[in-house]
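K.L.:
Need a 3D model of the sequence below.
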Amino acid sequence: MNSILNRNLTVEQVRADFPILDILVNGKPLTYLDNGASSQKPLSVIESQTRFYEEQNANIHRGVHYLSQLSTRLYDEARYKTQVFLNAEHEHEVIFTAGCTAGINLVAQTWGRANLGPGDEILLSTMEHHSNIIPWQLIAQEKGAVVRPIPISDDGEIDLDAYRSLLSDRTKLVGIVHVSNSLGTINPVQEMVALAHQVGAKVLVDGAQAGPHLRINVQALDADFYVLSCHKMFAPTGVGVLYGKQELLKAMPPYQGGGDMIYTVSFDGSTFAELPHKFEAGTPNIAGVIGLGAAIDYIAELGRRESGETVAPLSRLLDVGMGWISDVEADLTTYGMQLLGNIEGLKLSGTAKHKAGVLSFTLDCAHPHDIGTILDHHGIAIRAGHHCCMPLMKRMGVPATARASLAFYNTREELDRLASAVLAVKEMFG
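P.N.:
The predicted structure is shown next:
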C-alpha cells in the first residue's frame, strides 16, 4: 500500500481501523470502491453501537434515572459535535433526521408549503440526486410552482452564465448539490448562494457527498439549509442532519407531530417546543446519533494522529483531519483518472476542474451492470446504474455508468486492481 505525501498518519495505519477491509470476497481481498453509496465504519463507531445497547440504552429527554440521563447527555453531545463539524452558529440549528432525504422533505413540506405559490420558481441543477428533485416536484405540483433545471457543461460543471440568466424575482429556492454523487464535481456553492440571495431566493445545499470529503462551513457558504447523509461519513445508517438558519427554522411549522416536539397539549390546542425539538418528534435513532458523534470523534482523532497535538479544540482537529482526508483522496482521484483514462474504449464521465473522489465511466464494449458483475468476481465493489440521477444520465447521453467512489482508506494498489479488472472485462467482451 502507498503512504502518500510523507505525512505522520499513513493510509496503512488508517485501514487497520476498519475491520471489514480485511474480508475476502470471492476468494480475493475486498476492494471497496462504493463509498458514494455508503462508507465503511471504523471500529470506534461500531463499538459505540455495542456499548450503547450493552451499557447505556434508555430513552432520552424524559427520564430522571441514570441511564436516561446518560443517553440524553451522549445524544446532546453529538449535536454539539455536529455543530462544530458544520461550523453552525447555534447548536439548535442542527436537526437530526432519518437521513439526507428526510431533511430535504422536511424543508419542502414546511418551508416550501408556507412560502411557495403559483408561478414561483425552484431552480435545481441537472446533476441533482432524485432526493433533491422529487420533493420539490411534489410541493410544486401542490402549490402551482415551477421546477426549472440549471444546465451543466459536457465536463459536468454548472453553467454559471445560464444560472445567472435563470435567476429572477420569481426564484424562491435554489437546490444545489455540493458534490455530485455521479460525477464528483465540487460545485461553486458559495458563489451560487450569493447570486441567489441577490434575488431574494433561499438555497438548500445537498451535502450528502460533501460530508465525507470536505471541511464544511455553513456560515461561510451562507447556506440557508444544508443536509448531511451520515452513513456516507462513517456513521451508522438511519441518521441525517438538517442545518437551517435559526430565523428560518423558527418560522417553519412542525413537520411531524408526537412526543418531545410539544410544549403543551390539550384538546383545545397545542403549543410546540423550541428548536431543535420542534422538528424531532418521537423517539429518535438514539444509537445512530451517538454513532454520528463517534464518527466525528474519529475524524478528529485522525487530526490528532496527523498533527501530534494531544490537546486541541475539536474544530482544530477536524480541520487537520479533513485536510488529511482531502489530500489523500485528491492523490487517489488524480491517479485513478490517469489510470482509467489510458484504457482504450473507456470514457470518463465528469472531468470538472474541481472534483472529489468519484470515477464514473463507460466502456464501449460492455454495459455498466456487466462491468459491475464481473468486477465483483474480482472482489471489487463498485456501483453500476443511473445513481439516482436520471436527468443527469440523459444530459450525458448514457443510460448508466460504472462508478468507483473513493474514501481515504483506499489505496493506489486498489485502483491498480480496478484497472486490471476493467481490462479483463474488455478481454471478455472483445
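K.L.:
Test my guess that A424 contacts H378.
P.N.:
Yes. In this structure, A424 is within contact of H378 by Cβ atoms under 8 Å, at 7.2 Å. Backbone N, C-alpha and C define where each C-beta goes, glycine included.
K.L.:
the more surrounded of these two?
P.N.:
H378 (20 against 14; other Cβ atoms under 10 Å).
K.L.:
Quick check: closest non-adjacent residue to that one.
P.N.:
A421 (4.3 Å; Cβ to Cβ, 6 or more residues apart in numbering).
K.L.:
Secondary structure element holding that neighbour?
P.N.:
Following DSSP states H and E, one finds A421 within helix 412-429.
K.L.:
Same question for A384.
P.N.:
Element membership of A384 [criterion: DSSP H and E] is strand 383-385.
K.L.:
Packing partners of that strand?
P.N.:
In terms of contacts (3 or more Cβ pairs under 8 Å, 6 or more residues apart in numbering; DSSP states H and E), strand 383-385 is packed against helix 368-377, strand 401-405.
K.L.:
Name the next helix or strand following that strand along the chain.
P.N.:
Next along the chain after strand 383-385, taking DSSP H and E as the criterion, comes helix 390-396.
K.L.:
C-alpha coordinates for that next one, CSV please?
P.N.:
Output of helix 390-396 as CSV, limited to C-alpha atoms (Å, rounded to 0.1, in the frame of the first residue of the first chain):
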residue,chain,number,x,y,z
MET,A,390,-31.7,10.0,-14.4
PRO,A,391,-31.8,13.7,-15.7
LEU,A,392,-28.0,13.8,-15.5
MET,A,393,-27.7,10.5,-17.4
LYS,A,394,-29.9,11.9,-20.1
ARG,A,395,-27.8,15.0,-20.3
MET,A,396,-24.6,13.0,-20.6
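K.L.:
And it, what's buried?
P.N.:
For helix 390-396, burial by neighbour count (16 or more other Cβ atoms under 10 Å) applies to 391-393, 395-396.
K.L.:
Return the member of these nearest to V84.
P.N.:
L392 (32.9 Å; Cβ to Cβ).
K.L.:
pLDDT wise, what is the closest one at?
P.N.:
At L392, the model reports a pLDDT of 96.
K.L.:
Not counting sequence-adjacent ones, nearest residue to it?
P.N.:
In space, and not counting its chain neighbours, L392 is closest to M127: 4.9 Å by Cβ to Cβ, 6+ apart.
K.L.:
for that neighbour, what are its contacts?
P.N.:
Listed by Cβ atoms under 8 Å, 6 or more residues apart in numbering, the contact set of M127 reads 152, 156, 177, 180, 182-183, 185, 389, 392.
K.L.:
Narrow those to those in strands?
P.N.:
Per DSSP state E, strands hold the following members of these: V177.
K.L.:
any idea how far the residue nearest to A352 when sequence neighbours are not counted lies from S131?
P.N.:
Sequence neighbours aside, T185 is the residue nearest to A352 in space, at 4.1 Å (criterion: Cβ to Cβ, 6+ apart). For T185, the distance to S131 equals 17 Å [Cβ to Cβ, to the nearest Å].
K.L.:
which one of those two has more residues nearby?
P.N.:
A side-by-side neighbour count of T185 and S131, using other Cβ under 10 Å, places T185 first with 28 against 21.
K.L.:
bridging residues for that one?
P.N.:
Assessed by DSSP bridges, T185 has beta-bridge partners K355.
K.L.:
same question, K28
P.N.:
According to DSSP bridges, beta-bridge pairing links K28 with V25.
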